[in-house]
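K.L.:
generate coordinates for the sequence data below:
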Amino acid sequence: MYVVPNITYMPFLVKKTIKGKIYLYLRHNQRVDGKVKTAWQTYLGPLKGFAEHSKIVKHEIKTKTIEFGLIAALKQIADQIHLTEIIDDLAPKRNQSLSVGEHILIAVLNRCVHPTSKKQLPSWLKKTIIPKLFPHFSPTMDSRAYWNHFRYLSDETIEQIENRLIANIQKEFNISLSEISFDPTNFYTYMNPTKDNQTYANHGHSKEGKKTLKIINLSLFCALDGGIPLFHLLYPGNVQDAAHFKTAIPALKQRLAALKLENSTVTLTFDKGNLSKEAFQQIDALRLHFICSDRPSSHKTHLAIHPDRFIMHKLPNGKEIGTIEIKEGKYGINRRFIATFNPRQAKWNYKNLLKKIDKKVTEIDTFFKDRLKFPPGKSKRGQGGKWRNRDEVEAKIQSLIGKGAYPKIITYELSGPDTISIAEGGQFQVKIKIDSSALAVAKTKMGKSFLMTNREDVSPVDIVWAYRQQFLVEQAFKWLKSADFLQIRPMFHRVDSSVRGHVFVCYLGLLLLSLLVHKLINLGIPISIYEAMERLNEIQITQINVSGRRDPIENMNSLSPEAKNLFEILHLSQFLSLN
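P.N.:
Numbering: from 1, shown residues only. As a prediction, this is how the structure comes out:
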């Protein structure tokens with residue numbers, strides 16, 4: 001029996017005498033309008049029947065907290081898109097204990113609620129509602145069981161699973177697939193660097209700065225409608241982004257064909273790190289719509305356009321952006337470009353540039369203070385002995401100024417002879433100047449970016465806004481790498497099948513969480529993944545075990561108004577009647 005009271009006191013035993021016989025009740029009180037009233041009361045039985053159970057008479061009760069809310073909400077989403085059925089259909093095994101789909105779903109729920117190693121998973125499962133959700137649940141599940149089931153998930157099987165999931169998601173949640181965002185990332189592992197029998201783990205350019213560790217590359221295609229992750233591609237860590245993008249386009253073509261979608265109805269958004277001539281040859285051949293950024297270095301002439309020439313617009317988030325349309329040749333075709341000017345970005349860049357200039361000038365002054373004097377007869381380097389040659393002094397100044405725009409902005413005058421005599425002594429004099437005209441030119445170029453598209457039917461401001469939704473896929477990577485949930489890294493797996501299975505489980509966790517938030521937003525509750533998890537994790541069950549009673553008493557914990565609203569709007573009470 002489940003009750004949902006406003007709990008303020010612990011349960012206690014009550015004795016009642018009825019017709020000369022003593023009966024025991026478990027009672028729970030709460031305060032209402034300043035007065036203590038009975039919240040609920042459960043009959044335990046006659047005192048005589050508990051004679052041999054002294055713990056009951058002494059009011060000793062054991063309780064256990066059961067994870068419920070977030071698990072039930074995610075299970076509801078998984079059932080709605082038929083996750084386990086799809087996996088079991090495409091990765092069948094003989095009818096024995098939990099199916100492949102059930103194993104994967106349990107692992108997904110763990111990654112979302114309380115990520116643990118597979119060895120620690122059984123002890124966590126006993127503290128959750130999961131044993132009641134799965135008829136064939138086995139409390140003896142261990143890490144080996146998961147490794148064995150991961151072997152059923154080949155790349156081809158995962159592709160088929162995702163295709164069917166996307167079709168169900170589109171049907172059940174009405175997700176638009178007209179705008180899709182693509183982005184790659186990588187994550188580090190602790191795999192043995194000397195082993196060469198791993199396909200995915202390789203040394204490459206770690207975006208997290210882990211240069212000595214092997215990395216694994218991952219790319220995501222997300223629907224801009226809610227940032228729903230549609231499918232993922234796992235590939236070796238030594239493959240560059242632009243090289244992978246050439247293979248990702250045919251993969252997208254296959255997915256669209258499986259969903260019976262025309263290429264021309266989809267707009268793909270990606271960033272400048274994926275640009276290549278070969279990739280655009282494929283995009284043009286597929287007649288695929290696209291919006292992407294281009295390197296500002298490819299548009300040096302247009303970087304000099306004065307900000308006053310840009311047409312200013314307001315984006316849906318209230319921020320200002322300036323645009324100018326340009327036609328230029330790129331990869332053999334005259335293409336449409338949108339040059340943009342972001343006043344807030346330009347202001348921040350200019351302020352940051354001034355700080356860096358001031359820092360460099362200070363570094364030069366500090367470094368050469370007392371180092372250019374050369375007292376007669378002394379040659380110790382600490383007294384300037386090293387800096388008696390003009391060429392060496394100039395080379396050091398130039399290294400401190402740095403590259404890029406700085407040599408044009410920070411200028412210097414070095415006076416003194418070509419070489420300072422050790423016998424006669426002497427010194428160089430350095431005078432640092434800031435070229436105001438060069439600084440003004442640099443300021444004019446700030447806040448500029450360039451977008452390329454073949455969507456001739458979309459206004460410049462809408463192109464800019466569509467590209468800015470690229471943050472959704474970047475946010476998805478942030479969640480995958482979160483230390484609070486999913487936790488795709490660090491990875492300790494050693495075998496390719498386990499790596500593939502682990503990444504697939506984390507992807508499915510992100511998918512279920514994204515769909516849950518999408519569902520809540522459509523129900524009128526604006527909420528983020530973090531907020532949804534926090535509120536749903538409040539919904540827990542206290543299990544009360546009483547000696548002499550076969551079945552435990554289960555009671556819903558007290559809830560905040562926000563958590564109670566989620567409990568009711570998601571109809572999670574349907575999971576409380578399970579036997």
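K.L.:
and for residue 177, nearest residue in space, chain neighbours not counted?
P.N.:
Excluding its sequence neighbours, the residue lying closest to residue 177 (C-beta to C-beta, 6 or more residues apart in numbering) is residue 223, at 5.9 Å. Glycine gets a C-beta too; all of them are placed from N, C-alpha and C.
K.L.:
any idea what the one you found is bridged to?
P.N.:
In this entry, residue 223 is beta-bridged to residue 180, residue 228, by DSSP bridges.
K.L.:
quick one: contacts for it?
P.N.:
175, 176, 177, 179, 180, 181, 230 (C-beta atoms under 8 Å, 6 or more residues apart in numbering).
K.L.:
how close does it sit to residue 393?
P.N.:
Look at residue 223 and residue 393: by C-beta to C-beta, to the nearest Å, they are 59 Å apart.
K.L.:
just residue 153 next, same as before
P.N.:
Residue 153 sits 64 Å away from residue 393, going by C-beta to C-beta.
K.L.:
likewise residue 218?
P.N.:
Between residue 218 and residue 393 the computed distance is 50 Å (C-beta to C-beta).
K.L.:
with neighbour numbers in mind, choose between these two.
P.N.:
Legend: neighbour count by other C-beta atoms under 10 Å for residue 218 and residue 393, higher for residue 218 (24 against 21).
K.L.:
report pLDDT for the more buried one.
P.N.:
If you check residue 218, the pLDDT there is 95.
K.L.:
in this structure it contacts residue 182, no?
P.N.:
No. Residue 218 sits out of contact with residue 182 when judged by C-beta atoms under 8 Å, with a separation of 11.9 Å.
K.L.:
following the least confident helix or strand in the chain by mean pLDDT, which helix or strand comes up?
P.N.:
Ranked by mean pLDDT, DSSP states H and E, the weakest helix or strand in the chain is helix 54-57, scoring a mean of 48. Using DSSP states H and E, the helix or strand that directly follows helix 54-57 along the chain is strand 62-67.
K.L.:
now that following strand: buried residues?
P.N.:
Neighbour-count burial for strand 62-67, with 16 or more other C-beta atoms under 10 Å as criterion, is recorded at 66, 67.
K.L.:
quick check: mean pLDDT of the next helix or strand after that strand?
P.N.:
Downstream of strand 62-67, the first helix or strand assigned by DSSP H and E is helix 69-80. Helix 69-80 shows a mean pLDDT of 96.
K.L.:
now the element after helix 69-80, going C-ward?
P.N.:
Per DSSP H and E, the first helix or strand lying C-terminal to helix 69-80 is helix 83-90.
K.L.:
who are the packing partners of that next one?
P.N.:
Contacts defined by 3 or more C-beta pairs under 8 Å, 6 or more residues apart in numbering; DSSP states H and E place helix 83-90 against helix 100-113, helix 155-173.
K.L.:
any regions of the stretch 401-550 of the chain where pLDDT drops low?
P.N.:
For the stretch 401-550 of the chain, applying pLDDT under 70 flags the ranges 417-427, 546-549.
K.L.:
now the helices for it?
P.N.:
For the stretch 401-550 of the chain, helices defined by DSSP state H, counting those that start in this stretch occupy the ranges 406-409, 436-445, 460-468, 471-480, 496-522, 529-538.
K.L.:
which one of those helices lies closest to residue 21?
P.N.:
Evaluated over the helices of the stretch 401-550 of the chain, closeness to residue 21 peaks at helix 529-538, with 41.9 Å, by C-beta to C-beta.
K.L.:
stretch 220-238 spans what distance, first to last residue?
P.N.:
Stretch 220-238 has its terminal residues 18 Å apart, counting by C-alpha to C-alpha, to the nearest Å.
K.L.:
no, scratch that, I was asking about stretch 539-554
P.N.:
This stretch, stretch 539-554, spans 13 Å end to end (C-alpha to C-alpha).
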